[in-house]
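A.B. asks: with the sequence up front, the predicted model follows.
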Amino acid sequence: MKLMFLGDVMGRSGRTAVAERLPALRRDWGLDFVVVNGENATGGMGLSADHARGLLAAGADVVTLGDHAFDQKDMAQFLEQEPRVLRPVNYSKLAPGKGWRIYDAPGGRKVLVAQVLGRVFMKQPFDDPFSAIDPVLKAHALGRSVHAAVIDVHAEATSEKMGMGHWCDGQASLVVGTHTHVPTGDAQILKGGTAYLTDAGMCGDYDSVIGMEKLEPMRRFVTGMSKARFEPAMGEATLSGVYVETDDRTGLATRVAMVRQGGRLQPSGP
């Protein structure tokens, strides 16, 4: 199976990049399944129902969220109506929506998608992500009940993401980090056969401070004082993510490559 995961969509620039580039990527690369993190797609903070529909219409099979899952007021209700949008599995069990689901892919294949939130350096006391994801993976064994499994680790600390990659090794097709918006260069296939990347980067304007217009973040760094709201940068976005090929029999990865399309970062791909 040919899978693609795209990192945090950042504001209007990121949404535009996904809308303009993802349909061609699906066609030209023969993609079977695409997951997009939409955590910052609406004004850089959360995801609205309308913008979620736009990402799905552009070619995302699933949209994942993160620690800003409910920043947009209509998302709580929308999650109950739209199974293709996932919030983190280790949110409160009373939170709307689900943190994992199994989806159909071409050829009758099944794909498990789940998202976990890290706890290191995060502002909210989420449940333990390791014990939250473990029963999901054990109940839906790779190569048996599902043909592929994609785990989005939305976390601040690279060490925690790496720990999750090794925790899931052999049980998932791909473990990929999101949240920090800076793409890492460590795409690899772990010993157990799981493709891993510490951070997919963002679908946003890299002439920025992690996707935000530079002036206000720089002012706060220098003076320690705020003067205005953070606003997403509006220049041309780079589509950032990871591409994975899997063995349909085992569900394990046979190839992994970072994705860079458009904008300021050097292009890459399979």
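C.D. replies: Noted; the coordinates are in hand. Numbers count the residues shown, from 1 in each chain.

A.B. asks: what residues does the helix or strand of the chain with the lowest mean pLDDT touch?
C.D. replies: Every helix and strand of the chain was ranked by mean pLDDT, DSSP states H and E. The lowest is helix 215-223, at a mean of 93. Here helix 215-223 makes contact (CB atoms under 8 Å, 6 or more residues apart in numbering) with 209, 225-231. Backbone N, C-alpha and C define where each C-beta goes, glycine included.

A.B. asks: now, of these, which are buried?
C.D. replies: 209, 230 (16 or more other CB atoms under 10 Å).

A.B. asks: and of the contacts of helix 215-223, the nearest to Arg12?
C.D. replies: Distance to Arg12, by CB to CB, is smallest for Glu231 among the contacts of helix 215-223, at 10.4 Å.

A.B. asks: could you find the closest non-adjacent residue to that closest one?
C.D. replies: Glu213 (4.9 Å; CB to CB, 6 or more residues apart in numbering).

A.B. asks: relative to Gly14, how far out is that neighbour?
C.D. replies: Glu213 sits 14 Å away from Gly14, going by CB to CB, to the nearest Å.

A.B. asks: now Ala155
C.D. replies: 20 Å.

A.B. asks: pretty sure Asp28 sits in a helix.
C.D. replies: Yes - counting by DSSP: H, G, I helix; E, B strand; the rest coil, Asp28 falls inside a helix.

A.B. asks: related to what we said a few turns ago, of the contacts of helix 215-223, which pair is most distant in space?
C.D. replies: Between any two of these (CB to CB), the greatest distance is 17.2 Å, for Met225 and Glu231.

A.B. asks: count of neighbours near Arg249?
C.D. replies: By the measure other CB atoms under 10 Å, the count of residues near Arg249 is 8.
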